[in-house]
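*Asks:* just a sequence and a predicted model for now, questions to come.
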Amino acid sequence: MEAVMFYVLAAITLISAIFVVFLRRPVHNVVFMIVTMIGLAGLFLLLHAEFVAMVQLIVYAGAVMVLFLFVIMLLNLETVNPAQDARAARMWVGALLSLGFLVLMGPVLKMIFPSGPTVGAAAFQPGMSNTEIVARELFTTYLLPFEIVSVLLLAAIIGTVIVSRKRSG
Amino acid sequence: MVTLQHYLFLSAVLFTLGVAGVMIRRNLIVILMSLELMLNAVNLSFIAFAKYLDSIEGQIFVLFIMVVAAAEVAVGLAIGVAVFRQRGTVDVNDINLMKW
Amino acid sequence: MTDLVWLIPVFPLIGFLINGLFTRKLPEKAIGWIGSLSVGASFVVAVLIFLEVLGMEPGSRSVQKIVYTWILSGDLSVPIGFLIDPLSLVMMLVVSGVGFIIHVYSIGYMHGETGFRRYFAYLNLFVFNMLILVSANNFLLLFVGWEGVGLCSYLLIGYYYEKKSAADAGKKAFVVNRVGDFGFLVGMFLIFITFGTFDFTQVFSEATAKLTQGGLMVTGITLLLFLGATGKSAQIPLYTWLPDAMEGPTPVSALIHAATMVTAGVYMVARCSVLFAMAPVSMTTVAVIGGATAFYAATIGMTQFDIKRVLAYSTISQLGYMFMACGVGAFASGIFHLMTHAFFKALLFMAAGSVMHAMAGELDMRKMGNLRHKLPQTHWTYLFGTLAIAGIFPFAGFFSKDEILFYSFERHMGFWILGALAAIMTSYYMFRSVFMTFYGKSRVEADVAHHLHESPPIMTVPLMILAGLSLVGGLVGIPIIQGWHVFGDFLSPVFAPATAILTSNAHGAAHHSLALELILMGMSLAIAVGGLLFARYMYIVDPAAPDRVISRIPEIHQLVYNKYWVDQLYDILFVNSIVKFSRFLWKAFDDAVVDGIVNGLARLTRGFGGVLRQLQSGLVKDYALSIMVGVVVIIGYLVLR
């Protein structure tokens, strides 16, 4: 059952990811990106990371992707780029390099984890939900990084406002 | 039986797709999306490690990555908007201000 | 007081800095007195030190004061240090004393000149360097002063730089001096190789131990040093710059090109008397060159009409005397003559300057005549100077010149004959200048004539002081009577080692015959008077005589009048060939090879840059591509290794 779920979700994720990369219209890209996110959220659930899966759905598939969609609408990017690319050669080099990277990943994974654990412990802590565990960790051990990250978000907010502000001059 | 290797390989393929998107696409917005794809691929590995190494740290890390990714997207899109205002395009082949 | 010896050069340096930097707004008088008093202060310090040294034992009158270490590198250690001994004291007194008088005179002479400030700044800088030169305790510091005075000489010759002849004369002086400096430098290097130090005291005390009598090394060193001296002191063959140096203001000619700087060579030879004494060949060379220069310059002096040029050639000639004195081993006599010469030659130049001042810059003696009533003070002082240089008893020149002639006679009859001939010519051309300028019929042009006026007191008082010194300056060196030659006795400790070497070589001391000394004295007086009378005959009694003589021997007159065509000869031999060679180097080497290499490198770099700049496309994707290449290559290496 788990294997079936994995393969189905993996197929959804991969195919939609391929559409993200290769479809021409940006709106389609965004839509398939959302599908990819949902597939990944399913995989996270499969891996007993329920809280992360929900965040993935709400923040990524919801907020971030909607932001993309807004920008695309705002800039009216529906006009498809002309097919002519002066740098097509480089594009092909890039594609080849990506392929080479993928090919190399196989042996790398085998080298690093020759015989990884095939299955983990059933639960991290008995009698505790995943959300509870994550929350405990975040507000105890990782409290300082957690606070720092909030500052990062603040910086991003300010930066975004300043960069995208229309200059009055 | 689904092993760690399965997840890792799936993650590697996703990551490669993201790389390919950055290499191939010219639209700044789509390139940003490809970057998100790469980040998500990494997230997948982390979650898989968390499960198979029996450690919650992987999930915590993923949460932080998501925050950074959100910030990155916000700033990146803002820059994209600003560039579009200035030059009327989001084609990275036309944006070469780094060559002075 | 000797601890304060460093003040002597520092005062003029302060004057130079003040006048060079700050006195833009001050009136001329203030600038002039700042310059003069800074030198005067040096003179006062020098006198005080002199008095203190007089109080010491004659044998221990040599004090070294090290101010600080200037260069310390491996074996080489050069201090800024001063050597106080009779020789340097005499030089310091002469330089600062005569310098002070000439500074004061300059206030009047340079009145109203543009660049008054510049003039006094340079003059102070010159005095500073000259004092460094004479008070240095090592060769390198001496060389600093040596080059410094050369620089100031160049600057002051070219003082009227908008005049091409003045600028050219400055360049000529500089370049000719370089030739001499080359010799001096190489000589210095040889000294360092031999002794491992530049320190005077050390070098001279170790000279007998480290060098062989008359050996190749000591001969080489001394000849090279002497080459330097011929440049600075205008001896054959490097004398040609001095007559041209008269382009500078007249007080400069008096101070630099008569009284002080040109005597630096004599001072240096006297300073190195030990080395020279050990090299008989060099001694003979010095004496021969000196004698020949004395004679040769005197012949030219007889034919010139420019009053300053006459004086310039007489300077060369008198410097020749000094070298001849050194060459025959009479170093003290050379310095004695240097001192008296400083008095009367400065006087003569400044009196000539006073004449120029009255004549609106006229230098040609053919346009003068009968000025003695209009310029009484100038006339008398000039006459005093002439009597002194001609060697008429009891003026200063008589004693010093007679002494040189006496020692030359002792050494070799030939030197005496050269000297005596030069002396008679000196007497002749100097009185010729007196008669042409102050006596006879007036040939002054009408519009100049009614402007004739005596110079202001600020110029005539210095003249009178120097005239007094020209009269009595020789009395410090009265010969024959034991103990009355105060000057010689004062200097003798300095030259004692050299004299010891010379007498041991001569095998038995020279016997001073009183009769011989008196006869020679009488002869030199007769020579001087003879020159006087001859000049009087030619220019007062029978003014047509000179033209008759010229028409009798026109070729010889032309030859001498044109200074034996030496300038032209040098132009052909050295200047033109060097210019041609330089031009060749410029075109063939500099333009083609050096520029070729430099430009070639630049072109190569630009070519590479042109290729490499393709990498900087400014496109993010290209950079991402490069990153990817790196990633794949590194991972590929790790996997496939």
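*Replies:* That came through fine.
*Asks:* stretch A:28-35 close to chain B?
*Replies:* Yes: contact of stretch A:28-35 with chain B (CB under 8 Å from any CB of the partner chain) involves A:29-30, A:33. Where C-beta positions appear, they are placed from N, C-alpha and C, glycine not excepted.
*Asks:* what about these, which are in helices?
*Replies:* A:29-30, A:33 (DSSP state H).
*Asks:* wait, which of the residues you listed is closest to C:Phe393?
*Replies:* Ranked by distance to C:Phe393 (CB to CB), those are led by A:Asn29 at 121.1 Å.
*Asks:* separation between the residue in the stretch 351-500 of chain C that chain A sits nearest to and C:Gly353?
*Replies:* Across the stretch 351-500 of chain C, the shortest distance to chain A (CB to the nearest CB) belongs to C:Gly361, at 70.9 Å. Per CB to CB, to the nearest Å, C:Gly361 is found 10 Å from C:Gly353.
*Asks:* who has more neighbours, the two?
*Replies:* C:Gly353 (27 against 9; other CB atoms under 10 Å in any protein chain shown).
*Asks:* what's the more buried one sitting at in phi/psi?
*Replies:* Torsion angles at C:Gly353 (phi, psi; degrees, to the nearest 10) stand at phi -60, psi -40.
*Asks:* was I right to think it contacts C:Tyr109?
*Replies:* Yes: the criterion here is CB atoms under 8 Å, and C:Gly353 meets it with C:Tyr109 at 5.6 Å.
*Asks:* what sits in contact with each of those two?
*Replies:* Counting by CB atoms under 8 Å, 6 or more residues apart in numbering or on different chains, the contacts common to C:Gly353 and C:Tyr109 are C:249-251, C:459.
*Asks:* show me what the helix or strand of chain A with the lowest mean pLDDT packs onto, helices and strands only.
*Replies:* Every helix and strand in chain A was compared by mean pLDDT, DSSP states H and E; the lowest is helix A:88-112, with a mean of 85. Contact analysis of helix A:88-112 by 3 or more CB pairs under 8 Å, 6 or more residues apart in numbering or on different chains; DSSP states H and E lists helix B:4-24, helix C:620-640 as its packing neighbours.
*Asks:* out of these, which gets nearest to chain A?
*Replies:* helix B:4-24 (2.7 Å).
*Asks:* what helices or strands is the closest one leaning on?
*Replies:* helix A:2-22, helix A:88-112, helix B:28-52, helix C:620-640.
*Asks:* for C:Phe11, which of the ones you listed is the nearest?
*Replies:* Nearest to C:Phe11, of the helices and strands packed on helix B:4-24 and by CB to CB, is helix C:620-640 at 69.1 Å.
*Asks:* packing partners for the lengthiest strand in chain C?
*Replies:* Longest strand in chain C, counting residues (DSSP state E): strand C:63-73. On a contact count with 3+ CB pairs under 8 Å, 6+ apart, strand C:63-73 meets strand C:76-84.
*Asks:* return the distance of the strand it packs on from the chain's centre.
*Replies:* 23 Å (CA atoms, centre = their mean, to the nearest Å).
*Asks:* for it, which positions count as buried?
*Replies:* For strand C:76-84, the neighbour count (16 or more other CB atoms under 10 Å in any protein chain shown) marks C:78-84 as buried.
*Asks:* try stretch C:226-245
*Replies:* Residues of stretch C:226-245 classed as buried by neighbour count (16+ other CB under 10 Å): C:226-236, C:238-245.
*Asks:* what's the answer for stretch C:474-490, then?
*Replies:* By neighbour count on 16+ other CB under 10 Å, the buried set for stretch C:474-490 is C:474, C:476-477, C:479, C:485, C:487-490.
*Asks:* try stretch B:55-69
*Replies:* Of the residues in stretch B:55-69, those buried by neighbour count under the rule 16+ other CB under 10 Å are B:56, B:58-64, B:66-67, B:69.
*Asks:* and chain C, which of those reach it?
*Replies:* Answer for the buried residues of stretch B:55-69 near chain C: none qualify (CB under 8 Å from any CB).
*Asks:* for chain C, state which of those is nearest.
*Replies:* Looking at the buried residues of stretch B:55-69 and their distance to chain C, the nearest is B:Ala69, at 17.8 Å (CB to the nearest CB).
*Asks:* show me the contact partners of stretch C:138-148.
*Replies:* Contact with stretch C:138-148 is made by C:70-71, C:78-81, C:125-126, C:128-134, C:136, C:181, C:184-185, C:188, C:191, C:197-200, C:203, C:228, C:232, C:264, C:268, C:271, as judged by CB under 8 Å, 6+ apart.
*Asks:* mind doing that once more with 7 Å?
*Replies:* Here stretch C:138-148 makes contact (CB atoms under 7 Å, 6 or more residues apart in numbering or on different chains) with C:78-81, C:129-130, C:132-133, C:136, C:184, C:188, C:191, C:198-200, C:232, C:264.
*Asks:* where does chain A get nearest to chain B, residue-wise?
*Replies:* Closest point on chain A to chain B, by CB to the nearest CB, is A:Gly94, at 2.7 Å.
*Asks:* need the contact list for that residue.
*Replies:* By CB under 7 Å, 6+ apart, the neighbours of A:Gly94 are B:23-24, C:625, C:628.
*Asks:* what residue ranges in chain C score low on pLDDT?
*Replies:* Scanning chain C for pLDDT under 70 picks out the ranges C:481-483, C:506-512.
*Asks:* quick revisit: I'd like to know which of the buried residues of stretch C:474-490 is nearest to B:Val30.
*Replies:* Distances from B:Val30 to the buried residues of stretch C:474-490, taken by CB to CB, are shortest for C:Phe490, at 103.0 Å.
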